Structure formats: structure tokens, C-alpha cells
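Visitor: Structure of the sequence below:
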Amino acid sequence: MLRLERAPTRAELAELRTEFDDIVVRGDIDVIEATPAEVADDDHVDLARIAFRFDRRGWSRLRAMIDCLNGRPYPR
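Guide: Numbers count the residues shown, from 1 in each chain. Below you'll find the model as predicted:
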């Protein structure tokens, strides 16, 4: 799971799924709500989240995904 300042748009999510499918073991990259454990701990429940099953080998690709997310233009 990655926490984000804002959730990706549908188009951005589709791009992430296409660009980074090589580091997803199964399923998709999805926008999720705060988990029950995060809600119970009041752990940044205000932030958006994406989640996926990471292959635990593509660390440089994960970093590239983070850089891609950080470089997204913000809506005005």
C-alpha cells in the first residue's frame, strides 16, 4: 500500500496499471480506503491509498512508480 496526497484519476490509475504491471504479482493496482487497523489507530486516514501485491524483487521499479506518482501534475 502507498499513501498519497490525492488519489489518482481513472486515467492515471490505468497508466499505472499498464506501466507497472511487471511488479504486480496478481490482481491490479487499486485505490483503497483506509484499512480497519489504520482507522482504529487513526493512522493518516485522510490520505488516499493505492494497493497492489508487490513482487518484492522490483525495488527500482517501485521507486520509479513513486517518482511517477510524485511527478503528477496537481489539478487547479
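Visitor: Return, as residue ranges, the portions of the protein with sub-threshold pLDDT.
Guide: Where the chain drops to pLDDT under 70, the residues are 73-76.
Visitor: for it, longest helix please?
Guide: Identified as the longest helix of the chain according to DSSP state H is helix 59-70.
Visitor: residues in contact with it?
Guide: Residues from elsewhere that reach helix 59-70 (C-beta atoms under 8 Å, 6 or more residues apart in numbering): 2, 4, 8, 16, 19-20, 22-23, 54. (Each C-beta comes from the backbone N, C-alpha and C, glycine too.)
Visitor: same question, stretch 51-58
Guide: 1-2, 22-30, 32, 62.
Visitor: how does it look with 7 Å?
Guide: Residues outside stretch 51-58 that contact it (C-beta atoms under 7 Å, 6 or more residues apart in numbering): 1, 22-30, 32, 62.
Visitor: So which of the residues you listed are in strands?
Guide: Secondary structure defined by DSSP state E assigns 30, 32 of these to strands.
Visitor: Tabulate the contacts of stretch 51-58 in CSV, adding columns for distance to residue 48 and neighbour count.
Guide: Converted to CSV, the contacts of stretch 51-58 look like this (distance: C-beta to C-beta, whole Å; neighbours: other C-beta atoms under 10 Å):
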residue, distance to residue 48, neighbour count
1, 11, 11
22, 23, 9
23, 20, 20
24, 19, 16
25, 22, 10
26, 23, 7
27, 18, 9
28, 16, 13
29, 13, 21
30, 12, 11
32, 9, 12
62, 18, 17
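Visitor: Now distance to residue 68 too, for the contacts of stretch 51-58, in CSV please.
Guide: Below are these laid out as CSV (distance: C-beta to C-beta, whole Å):
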residue, distance to residue 68
1, 17
22, 14
23, 12
24, 14
25, 19
26, 21
27, 19
28, 16
29, 12
30, 17
32, 19
62, 11
